[in-house]
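# Build me a structure from this.
(chains A and B)
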Amino acid sequence: MRTTIKLWIGVGILILLSPLGLALPEHFKAGDAWGEWGTDAVKELTGYVPQGLERLSGLWSAPIPDYAFKGWEERGLGTLSFAYLASAIIGTIAIILLFLLLGKLLGRESDDWDPRG
Amino acid sequence: MHIPDGYLGPATSGVMYAVMLPIWTAASRIAKRTLKAKQVPLLAISAAFSFVIMMFNVPIPGGTTGHAVGAVLTAILLGPWAACIVVTVALVVQALLFGDGGITAIGANCFNMAFVEVFAGYYLYKLISGSSPVIFRRRVIAAGAAGYIALNIAALTTAVMFGIQPLLHRAPGGESLYCPYGLNVAVPVMLGEHLLIFGWVEAAITASVIKYLQKQDPGLLEAQEEVSI
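Numbers count the residues shown, from 1 in each chain, chains lettered A, B, ... in the order given. As a prediction, this is how the structure comes out:
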């Protein structure tokens, strides 16, 4: 089998396992990454929310914020894991599409490629 | 390591975009010139790998989380310039679709993970590998060491960006306007957790994929050797 196909399978396995990236921190009661707190958490840690942080933190409203579907935040680990897995798939598809586009821009005209290698 | 919106003041965000712009331009030009057609699918695989590996949050029990980036692995396989594009794409998708890393901080986050980590990792790997053949064990050790050290250097530059905010921007009352923690907290915490835990994850991932490719397809590891920049 070609290496690229094997590597894609590897990425596929990682995608399937990705909910571990959500469940393990939950299990070990580990919070946000350092410096990636929301405004509430900052207030809890320091006693205030810096003005600039408050102003800019809501600047971008991502379609799938924090790899969770909007309105699903309180639905428990099972549903969140599903959203996390779906996010891994959606993100990977977005990346493939971007590289199909970039491949056209970066590649020489004769070098059309497909992701299967 | 994904700096969100609101943690960096406009000076830092702006400077980082300004620094990244010529790097992105150079990366596209050099990648276009040096990449072989058969390497192009590897760009997409590497970006997908980097994107997914960053979703594996590794917990420090009762504390924070962190993750590997996969940037050094990509740099070894595709060279630093192509790797810069690869990690940039992963970071842009994370910021735009998932709000992981701020929009205003894309320049900063790319500087840390797509430039600093990539280039540090690439040259450390070259340095430690020396002239050893690509199938030698020394290459696996070089890959692991480069992954460990480069992720830590990136953690340090990230921590410095966080930590200088209270020096740059303060409200009249003395409160910070952006990241509330200074260098005295940001540097030891960020560097400490990456030296102790997350760096080893990056090392293990980088070394094990290189080891796998030595058996599976050493030609892939050699492809990069011929490209000298």
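
# which SS state does B:Gly174 fall under?
coil (DSSP: H, G, I helix; E, B strand; the rest coil).

# which residue ranges form the strands in chain B?
Remark: strands assigned in chain B by DSSP state E are B:58-59, B:65-66.

# most neighbours per residue, which of the ones you listed?
Mean neighbours per residue, mean count of other C-beta atoms under 10 Å in any protein chain shown, is largest over the strands of chain B for strand B:65-66, with a mean of 26. To be clear about C-beta, it is placed using only N, CA and C from the backbone, and glycine gets the same treatment.

# As a check, name the ranges of all helices in chain B.
Secondary structure of chain B, counting by DSSP state H: helices at B:10-34, B:40-53, B:71-78, B:80-98, B:106-110, B:117-129, B:137-163, B:165-168, B:183-193, B:199-216, B:218-226.

# mind checking how far the spatially most central residue of chain B is from chain A?
Centroid-nearest residue in chain B, with C-alpha atoms, centre = their mean: B:Met113, separated by 2.6 Å. According to C-beta to the nearest C-beta, to the nearest Å, B:Met113 and chain A sit 13 Å apart.

# A:Leu59 - that's part of a strand, no?
No - according to three-state DSSP, A:Leu59 belongs to no strand; its state is coil.

# which residues does it contact?
B:Asp5, B:Gly6, B:Gly102, B:Ile103, B:Thr104 (C-beta atoms under 8 Å, 6 or more residues apart in numbering or on different chains).

# Those also near chain A: which ones?
Among the contacts of A:Leu59, the residues lying close to chain A (C-beta under 8 Å from any C-beta of the partner chain) are B:Asp5, B:Gly6, B:Gly102, B:Ile103, B:Thr104.

# From B:Ala95, how far off is the fourth one?
So the one you mean is B:Ile103. For B:Ile103, the distance to B:Ala95 equals 6 Å [C-beta to C-beta, to the nearest Å].

# which neighbours do those two share?
Counting by C-beta under 8 Å, 6+ apart, the shared contacts of B:Ile103 and B:Ala95 are A:Trp60.

# quick one, which of the two is more surrounded?
B:Ala95 (23 against 16; other C-beta atoms under 10 Å in any protein chain shown).

# Report whether stretch B:11-19 contacts chain A.
No - counting by C-beta under 8 Å from any C-beta, chain A has no neighbours in stretch B:11-19; the shortest distance is 9.2 Å.
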